[in-house]
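Q: Mind looking at a prediction? Sequence and model below.
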Amino acid sequence: MTEPTARPEVRAGAAVLPILAGGQFLMTLDSSVMNVSIRQVAADLGTTVTGIQTAITLYTLVMASLMLTGGKIGARIGRRRAFAIGLVIYGTGSGITALAPNLGVLLFGWSFLEGVGAALILPAIVALVASNFPRDRRSAAYGLIAAASAIAVAAGPLIGGAVTTFWSWRWVFAGEVVVVIVLLFFLRRVQDAPVSKEQPRFDFFGAVLSITGLSLFVFGVLKSGTWGWVQPKPGGPTILGVSPVVWLVTGGLLIVYCFFLWEAFQERRGREPLVRPGMLRNRQLDGGLSMFFFQFLIQAGVFFTIPLFLSVVLELSAVQTGARLLPLSLALLLSALLIPRFAPGARPRLVVRLGLLSMIAGTLVLIGGIDPGANAGIVTVPLLLMGLGMGALASQLGAVTVSALPDDQSAEVGGLQNTVTNLGASIGTALVGAVLIASLTAGLSHGIQSNSAIPPEVKTQSTTYLASGVPFVSDSDLQKQLAAAGVPQSTADEIVAENSKARLAALRDALWVVAVLAVVSLFLTGLLPTEPVGRRKEDEGGPREPLEPVSTG
């Protein structure tokens, strides 16, 4: 008796899932690798921690600002073609990054080209899952795609740390080129999502508004640490007597507001907008997107500050830094995978609230543990708590957003989700980094001026030097810089001591921002559903209940 053959869609799904999951893994890997290698990359390229912070921020900003546009391009040219073009652009960026001789080339290869490639790839993944998996297997496929992202978060610090320590961080990006080639080779197995024969006019003006508004806003937040929020810092640029930051942030928000007005106007005229404003009147979708934004904002802040504490303050190697981040990565992965498996009937609102409380607790424990005598062991328990909280959010939010609207709008929902997650990551890195540098500058300046052991002429010189911001450097690196500048050893020791105190205070201030943001996000959890989103009347054979009316006006 012959065995029954597998259904075609099952065979296709088994072949397609590794390709789509591989693309998701690749997109997530970059940031986690870069975070543990900040010190080494900065030294190799002759830049500072602030320079690498800029690269990380711009990478996620390019993705966020182009995600809606990338999704619409994929809908016009075909999702598989958009995926392929995105991979080519991404691979080119990875190759340029691997060979980058300075920060400028890194910004072009990593922050820009890889960001553009990701903006085409990520929306395509959402649509290709829908076209390659039957409805009853689609949720599981989305879950495995999310798991690939969680695995990248877990593996990234170790991969990046090991490669950076024993070889060079450049080999990570060279390896990405190889992965891109492999994905392109197997991409023909993926069934393309259907493309509408009627091609509506592309909303170029809406794309320009969204890209410009988001870019101005995030760039303003990024520069706030060195330019000042409203009052300009000494020697910094001014526009009509105030810092350019207030103009950038205000102007960016106004342009984003105009973008939504324009999109509503397009929808009323019967044209195809980049995003339908009516979708954002869905309470469940709003709740899921809000939580995604805060999850990635907080996650970016944590992954930026803690590696700095380990690699700069404690001067651990990149592989040691990656190993110390493992508790967070593993807790996140286990929490994200096990909660849906063992508590499928859990209430999303309750799970997310418990997750946020765990993240807040972990941040507060870490703030209390950072002191001059702290060692690397103090991060273990806080990272476990943070990882459990992040994983709890990850276990719920994807299902909340995907199920908020009908399946035929899943690609648009995916575009919005990728936009807010990358926007959250971009703002999180920019804001936490700005607070870190501003606090370090103020703390070191005050410490030097109040230290009687430091000569008056050095105090005068430091006022000018510190006006534009202080680089976040280790004690050994600062000692070398002061020796090269001819500063006497006794004075150098005092400056290093003051820098060490200011550096710890700056890290605590940055983590306080993370804690406050997590508390603020608790107020928005009321938008989340109280019942499991997978348990609907349609599962019992009855008609589907509307989740929330969506106005199209």
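A: The structure has been received and is ready for your questions.

Q: I'd like to know how far Ser317 sits from Ser311.
A: Ser317 is 8 Å from Ser311, where distance means C-beta to C-beta, to the nearest Å. Where C-beta positions appear, they are placed from N, C-alpha and C, glycine not excepted.

Q: any idea of the pLDDT on the most centrally placed residue in the chain?
A: Nearest to the mean C-alpha position of the chain, counting by C-alpha atoms, centre = their mean, stands Ala425 at 3.0 Å. Reading off the confidence values, Ala425 has pLDDT 81.

Q: contacting residues around it?
A: Taking C-beta atoms under 8 Å, 6 or more residues apart in numbering, we find Ala425 in contact with Ser31, Thr60, Ala64, Phe296, Leu297, Gln299, Ala300.

Q: Does it belong to a helix, a strand or coil?
A: Per DSSP: H, G, I helix; E, B strand; the rest coil, the secondary structure class of Ala425 is helix.

Q: still on that earlier bit, the more surrounded of Ser317 and Ser311?
A: A direct count of neighbours by other C-beta atoms under 10 Å for Ser317 and Ser311 places Ser311 higher, at 25 against 18.

Q: which residues does that one contact?
A: Val36, Ile38, Arg39, Ser317, Ala318, Thr321.

Q: Quick check: the two most widely separated of those residues?
A: Taking every pair in these and measuring C-beta to C-beta, the maximum separation is 12.6 Å, between Ile38 and Ser317.

Q: element containing the nearest residue to Leu524 once chain neighbours are set aside, please.
A: Take Leu524 and drop its neighbours on the chain: the residue closest to it by C-beta to C-beta, 6 or more residues apart in numbering is Ser290, 4.6 Å away. Using DSSP states H and E, Ser290 maps to helix 283-308.

Q: State the next helix or strand along the chain beyond that helix.
A: Following helix 283-308 in sequence, per DSSP H and E, is helix 318-324.

Q: Please name every helix or strand in contact with the next helix or strand after that following helix.
A: Downstream of helix 318-324, the next assigned helix or strand under DSSP H and E is helix 326-342. In terms of contacts (3 or more C-beta pairs under 8 Å, 6 or more residues apart in numbering; DSSP states H and E), helix 326-342 is packed against helix 135-166, helix 380-402.

Q: Stretch 439-454 - what's its average pLDDT?
A: On average, stretch 439-454 scores 78.

Q: Buried ones in that stretch, by neighbour count?
A: Ser439, Leu440, Thr441, Ala442, Gly443, Leu444, Ser445, Gly447, Ile448, Ile454 (16 or more other C-beta atoms under 10 Å).

Q: Could you identify the most distant pair in those residues?
A: Farthest pair in the buried residues of stretch 439-454, by C-beta to C-beta: Ser439 and Ile454, 20.3 Å.

Q: who's in contact with the residue nearest to Leu524?
A: So Ser290 contacts Val420, Ser521, Leu524, Leu527 (C-beta under 8 Å, 6+ apart).

Q: And for Ala42?
A: Contacts of Ala42 (C-beta under 8 Å, 6+ apart): Thr48, Val49, Gly51, Ile52.

Q: quick one: which of those residues is most hemmed in?
A: Ile52 (25 neighbours).

Q: now that one, what's its secondary structure?
A: helix.

Q: I'd say it and Met34 touch.
A: Yes. With contact defined as C-beta atoms under 8 Å, Ile52 counts as touching Met34 (7.1 Å).

Q: Find the residues that touch each one of those two.
A: Both Ile52 and Met34 are contacted by Val41, under the criterion C-beta under 8 Å, 6+ apart.

Q: Let me know the distance separating Met390 from Leu17.
A: Met390 sits 24 Å away from Leu17, taking C-beta to C-beta as the criterion.

Q: out of those two, which sits in the more crowded spot?
A: Set Met390 next to Leu17 and count neighbours by other C-beta under 10 Å: Met390 wins out with 29 against 20.

Q: any idea how far Phe219 is from the more buried one?
A: 27 Å.

Q: quick one: low-confidence ranges for the stretch 401-550 of the chain?
A: The stretch 401-550 of the chain contains residues with pLDDT under 70 at 407-408, 410-411, 459, 461-473, 485, 534-550.

Q: For it, which segments are assigned as helices?
A: 410-450, 456-466, 475-484, 489-522 (DSSP state H, counting those that start in this stretch).

Q: just those: most buried one?
A: Among the helices of the stretch 401-550 of the chain, ranked by average contacts under mean count of other C-beta atoms under 10 Å, first place goes to helix 410-450 (a mean of 24).

Q: can I get the helices of the stretch 401-550 of the chain in TSV with distance to Leu184?
A: Formatted as TSV, the helices of the stretch 401-550 of the chain follow (distance: least, C-beta to C-beta, whole Å):
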stretch	distance to Leu184
helix 410-450	21
helix 456-466	49
helix 475-484	41
helix 489-522	38
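
Q: Lowest average confidence across helices and strands of this protein, where is it?
A: When the helices and strands of the chain are scored by mean pLDDT, DSSP states H and E, helix 456-466 comes last with a mean of 66.

Q: Look up the closest residue to Met95, ignoring the ones flanking it.
A: Not quite, residue 95 is Gly, not Met. Closest to Gly95 by C-beta to C-beta, 6+ apart is Val177, at 5.1 Å.

Q: which ones are touching that neighbour?
A: Gly91, Ser94, Gly95, Ala98 are the contacts of Val177 under C-beta under 8 Å, 6+ apart.
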